[in-house]
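# return atomic coordinates for the entry below.
(chains A and B)
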Amino acid sequence: MKKRTVVVVDDNINNLMLETDLLELAGFTVFEAENAATGISITLREKPDVVIMDVRLPDMRGSEAAKVIRKDKTTKDIPIVFVTASVMPEGRTELQNIANSGFIGKPINTRTFAKEIGDFIK
Amino acid sequence: MMNARKTTSWLTGIGMIVVAGAVVGASFWAFVQIGRTADDKRHISAVINSAQTLLSELKDAETGQRGYALTGNENFLEPYNAVRGNINSHLEELLKLTYIASARKHLGAITHLVNSKMDEMAGVISLRRKNDMGAVIAAVSSGKGKDIMDSIRVEMNGFIKAEQTVLDSNEAQFQSNMRRLFIVIIAASIFTLFFAVIFAYMIYRESQNALKNKVQEETKRLLGLQEDMNAQLQQVNASLQVSEEKFAVTLNSIGDAVLATDALGIVTLLNPHAEKLTGWPQEEAIGRPVEEIFHIINQDTRQPAVIPVQDTLDHGTVHGLANHTVLISRDKTEYVIGDSCAPIRNRDGHVSGAVLVFRDVTEHSVIELGLEKTRMQLDIIKKSEDEAREYSESIINTIREPLISLDQDLRVVSVSRSFYEVFKVKQEETVGQLIYDLGNKQWDIPKLRELLENILPQKATFDNYEVEHDFTTIGRRIMLLNARQIQRVLGKERIILLAIEDITERREIENGLEKARKELEAIKISEDAAREYSESIINTIREPLIAVDQNLRVVSASRSFYEVFKVKPAETLGQLIYDLGNKQWDIPKLRELLENILPQKATFDNYEVEHDFTTIGRRIMLLNARQIQRVLGKERIILLSIEDITERREIENGLEKARKELEATKISEDAAREYSESIINTIREPLIALDQDLRVVSASRAFYEVFKVKAKETLGQLIYDLGNKQWDIPKLRELLETILPQKATFDNYVVEHDFTTIGRRIMLLNARQIQRVLGKERIILLSIEDITERREIENGLEKARKELATTKISEDAAREYSESIINTLREPLIVLDQGLRVVSVSRAFYEFFKVNPEETVGQLIYDLGNKQWNIPKLRELLETILPQKATFDNYEVEHNFATIGRRIMLLNARQIKRVLGKDRIILLSIEDITGRRDIENGLERAREELKDLTTELKRAATAKSEFLANMSHELRTPLNSINGFSEVLYDETFGTLNEKQKRYVNNVLTSGKHLLLLINQILDMAKVESGKMKLSIVSLPMKALLMEISRLVADMAGKKKLQIELDLVDDLPAIEADELKVKEIIYNLLSNAVKFTPEGGKIGIRAKRVIDSVQVEVWDTGVGIARENMEKIFEGFFRVDTPYSRVTEGTGLGLPLSKKMVELHGGSFSVVSEGLNHGTLVRFALPIKSGSVVLV
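Residues are numbered from 1 along each chain as shown, chains lettered A, B, ... in the order given. Below you'll find the model as predicted:
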């Protein structure tokens, strides 16, 4: 089986490292991005199996980045999992209309995180 | 035509170009020819010259040779020598120049001869040189030289001739060329001229054509204009025709005789009735002076009566019906007539004629006569009623209590002015509406419905029905509704009068009124004392008043007493009051009053007594009594005033009835007035003109008035659509669509129909279908006579007669009623005469402005209360505005009164004709709105403050929830790393740790999780408190849920060796609640129980149904709660110190949060503890049915 690839976008380098380590341990090939623009360009280039996206990013909202990814024909079907500390219901409304997306609130469960992400890949 | 002309132009153009080309070509050719001919001529002349030169040189040489020969002088040889040297070159040159063959031949001979000659001469010369003179002479004499010379001459002549011939032919050629050129030029000129002429002709013709076209267009335009003019003329004619037809139909259909004259009094028109009455056919009558046709005398004096026509023509005035006039017709028949005359005015307003309308009074049938009489009587009554009505209407419009009248269908017929103001509605959105629909259905009040639909149909009247309602426009009001259901005098329908009174305010007024009444009573008593309770006083009091002596025997009674109680003075005076009218006054309450109360109190007010009188039926009376000392006697007498409320209400009825009747008749009155103004307005009956498609072309003013429609919603409309399709009457359709196309005319077609605007009407329809003169369309003239009234009057003639007496009484009553209204008004009301002096004022006025009657009545209004009423705005109002407008509403005046301080008043005034007099009086009502303004201002301020506060609160709430969201996010982000990395480390995913390291990292993880729990619970608390926590209500099987959670804590409990006891009833119902929240509540409580119970203890759950809730109890045998801490446990962050649990465990928020979430579900929550170390029991109940909407 081909190695599964994932792009992780998180501006907090500690969290980025944590997620990366967990995913690599689970056998993913991980591409890291510390802002949305980098995340988008890596996604467009690598066409990963799944994208992990923080919501509050320095250059744009994760939801906006998701829309950019959805616009491109080659990446529009890639599932996007929002992993965010904004767990209040009012913070989640902007994510509701994004198709084929998931939500994992921070703090993450390190024991199940990689499996949850893997479940988003069809 | 156009093409031919174009072709011609083209051809002409081409012709001209060709001719021009030819001329240029010919000219060029001719010039070339001429040039060549001239060259030839020059050349030939040169050749001839050269030849002659040669000849003359030769001659000179010969002459010289001869001279030498003769003289031997060498000098003579010079020419010869010159010739000899040149002659050959000359000949060659000549030969070169000569082209002509014949000449060249001569030249050849000449060359030869010249050579011979030269030889001969040379011979002679040489001979001479030899001095051989003889030979010379011989040679000369031989003539040889001369012969040669002659030959030369001959040849030369031939040569010259040949050349000359060519020159001549050239000349001839030249001449002919010149001629040809000339001819060409002439011909070209002629052609050019020809074409120019053609061209000029064509331009001429073109411009002629253009001109012609222009003329044609102009003609066409003028023709068009003429056609338009014709069309307009046709239309004018048609409308003229129509109006003539209308006029004719009108004149024919109206019941009155009509006679019209021109400005000189010459008859111009008689309608059939007039023809009949005067005995003059119209054809004969026209052109004769009116006196001749209309011969009238006074019925009593038999003296000629004045024909009103002349007066009308002279002064342009309208003359009403003159009584007792007899018209003597042409055949001497006499008719008693009534006539009236009105001027006809042309467009400039000048009188251009007169219309005399008269009717036969003698010919009327018995019923008609009676009817007429009744009508006239009614008229008279109506006139006085009119005054009374105007007075009371003015009052009604001046008062501020809303009054509304409804028809049977509960639709608004009319409302008072104050109704519009108080309820902030407009007339157009009120009249004709269902009462419940008024002002956005804010009148759809259940109690009002009950009243109008249930109570009123049974009772016909109700009083003081209290209704409290929240109006969208004016807020919550308590209203006292009074209604009367009355029969329309002239109609069949019933009308409901509904008076709406705002009680709060009225109560205030009642207090004021009571005070004023007491003051007045005091005044009355002193007056009585002074005037010895004279009969006159008693009789001027409108309320029945009776004076009894100490023995309760009647001393005197007022006129109204006799009237009201239908008793006579003879059977009253001297009688014991209880014995009056067959002891019908023996009323227990009256006895009590007179015998018990009065001796003690000396006075009593408004004692209400209801009693069933034998003569007058059940009555509600208001009794007022005064016990007074007679001045001249020593005895006391008792003055007892009896106010009959029932009667007053009946009077109210009568007044309304009269008012309604008048409203109904007002229309025809108006019409009658219009009638006299001009011919068109003579039409009493509504008249309507329709086109072929049954659309309204025009309608008379009466139509608009009677059917209460406006011109713009009428003209152009289909007749059936008029006034909300109320004209869509089956019989009218039949008439217009079936009968009329066949018959072209119909008369007296009776149609009965229920109109939404004017109710059930019987109409007499007359129609004429006429052809427009110059148009092709048909026009239908439809005259509509409302005979409802007539029918009813005819039918109810007897009834009407009987009613007359009653009406008269009600008229008096109405007048009195008007006065009583003034006195019952809560608003100060003042009546002024024309000179602005006070005629009377209401009690409220005295009270309000703290003035006495003595210093008020008869005073100039400005002088009242030490001239404190001398207000500039009031002066302006009374002296400037009122004379022009006769009425004004809500004129706001602010003034500083000496007695009562600064006040803002709302003035309303009506200038009306006095009932019993000719002069005008002014009704001025004064409303003090100072308090209202203060309240309004205060309210406005409070509203502003509230608004600011609300805005501030909203802002704060927004800021708070934003803060919480941010806090949550900012704390979770580092927690993610703390918990995540410590978890990974603890799990030894990337390598093993030693014991200590593992314990430490577990501490980090536990603290992180604790912090996270704290954050979540703080957020939840904040959400509950701000009302933002939403419940997702589903059906929860409680039993299963409790079992599930108890299994979750079983591990925890097992570690501490705790025993768990479950006591759940079998039929525990499911509840409607938020699953996560309920689970959290139970988990919180169970984990608390585990936490605070020492090892080996017990915890347990009990659940059962209590009424419509499920009650759950979580108990333990743990540390319990000290009494002093029972309150603190719900305050948050409170933790019970316990040796069994670590301080780090628990947030102190679990219990308060659980309580809040239970309460959010509409449940109850309580904690029971017998005290420290006696265990804890937490009891909560959740309702089975949620108040919120169930999602699943």
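
# show me what contacts residue 31?
No chain in the question, so chain A it is. Contact analysis of residue A:31 by CB atoms under 8 Å, 6 or more residues apart in numbering or on different chains lists A:5, A:6, A:7, A:8, A:42, A:46, A:48. (Each C-beta comes from the backbone N, C-alpha and C, glycine too.)

# that's the other chain; I wanted chain B
residue B:181.

# just the pLDDT at it, thanks.
Looking at residue B:31, its pLDDT reads 77.

# likewise residue B:847?
Model confidence at residue B:847 (pLDDT) stands at 76.

# which phi and psi does it have?
When quoted as degrees, to the nearest 10, the phi and psi of residue B:847 stand at phi -70, psi -50.

# sticking with the residue nearest to the spatial centre of chain A, tell me its helix or strand.
Central residue of chain A (CA atoms, centre = their mean): residue A:52, 1.0 Å from the mean position. In the assignment (DSSP states H and E), residue A:52 maps to strand A:50-53.

# quick check: longest helix of chain A.
Longest helix in chain A, counting residues (DSSP state H): helix A:13-25.

# give me the helices and strands touching it, please.
strand A:5-9, strand A:29-33, helix A:113-120, helix B:930-986 (3 or more CB pairs under 8 Å, 6 or more residues apart in numbering or on different chains; DSSP states H and E).

# just those: most buried one?
strand A:5-9 (a mean of 26; mean count of other CB atoms under 10 Å in any protein chain shown).

# what is the rounded mean pLDDT of that strand?
95.

# what's in contact with that strand?
Against strand A:5-9 from outside (CB under 8 Å, 6+ apart): A:16, A:19-20, A:23, A:28-36, A:38-39, A:42-43, A:46, A:48-54, A:57, A:62, A:65, A:117.

# run the last query once more with 7 Å
Applying CB atoms under 7 Å, 6 or more residues apart in numbering or on different chains, the contact partners of strand A:5-9 are A:16, A:19-20, A:23, A:28-33, A:36, A:39, A:42-43, A:46, A:48-54, A:57, A:117.

# just to revisit the earlier point, show me which pair in the contacts of residue A:31 is furthest apart.
Farthest-apart pair in those is A:8 and A:46; separation 11.9 Å (CB to CB).

# touching chain B at all, the helix or strand of chain A with the lowest mean pLDDT?
When the helices and strands of chain A are compared on mean pLDDT, DSSP states H and E, helix A:89-92 comes out lowest with a mean of 75. Yes: residues of helix A:89-92 are located near chain B by CB under 7 Å from any CB of the partner chain, namely A:90, A:91.

# contacting residues for the residue of chain B found nearest chain A?
In chain B, the residue found nearest to chain A is residue B:972; the distance is 3.5 Å by CB to the nearest CB. Each residue near residue B:972 by CB under 7 Å, 6+ apart is listed here: A:85, A:87, A:106, A:107.

# which residues of the stretch 951-1100 of chain B lie near chain A?
B:965, B:968-969, B:972-973, B:975-977, B:979-981, B:983-984, B:987, B:989, B:1012.

# which of these sit farthest apart?
Farthest-apart pair in those is B:965 and B:989; separation 32.7 Å (CB to CB).

# centre of the chain to the helix or strand containing residue B:215, how far?
Using DSSP H and E, residue B:215 maps to helix B:144-253. Counting by CA atoms, centre = their mean, to the nearest Å, helix B:144-253 is centred 70 Å from the centre of its parent chain.

# enumerate every residue touching the most centrally placed residue in chain B.
Geometric centre of chain B, nearest residue: residue B:428, 12.3 Å, by CA atoms, centre = their mean. By CB under 7 Å, 6+ apart, no residues touch residue B:428.

# any idea how far it lies from residue B:1157?
56 Å (CB to CB, to the nearest Å).

# and residue B:1013, by the same measure?
15 Å.

# settle it for me: which of these two has more neighbours?
Each of residue B:1013 and residue B:1157 has its neighbours counted (other CB atoms under 10 Å in any protein chain shown); residue B:1157 has more, 26 against 14.

# skipping adjacent residues, who's closest to the more buried one in space?
In space, not counting the residues next to it along the chain, residue B:1157 is nearest to residue B:1077; the distance is 4.9 Å by CB to CB, 6 or more residues apart in numbering or on different chains.

# tell me the confidence at that neighbour?
91.

# does it lie in a helix or a strand, and which?
helix B:1075-1091.

# that helix: what's the following helix or strand?
strand B:1098-1106.

# contacts made by that following strand with the rest, please.
Contacts of strand B:1098-1106 (CB under 7 Å, 6+ apart): B:1038, B:1042, B:1046, B:1053, B:1058-1065, B:1068-1069, B:1089-1090, B:1093, B:1110-1117, B:1181.

# closest residue of chain A to chain B?
residue A:85 (3.5 Å).

# close to chain B: what parts of chain A are there?
A:12, A:14-15, A:18, A:25, A:56, A:85-88, A:90-91, A:106-108, A:110-111.

# so where's the stretch 751-900 of chain B shaky on pLDDT?
B:768-779, B:789-827 (pLDDT under 70).

# for it, which segments count as helices?
B:788-795, B:797-824, B:843-849, B:864-867, B:872-875, B:882-885 (DSSP state H, counting those that start in this stretch).
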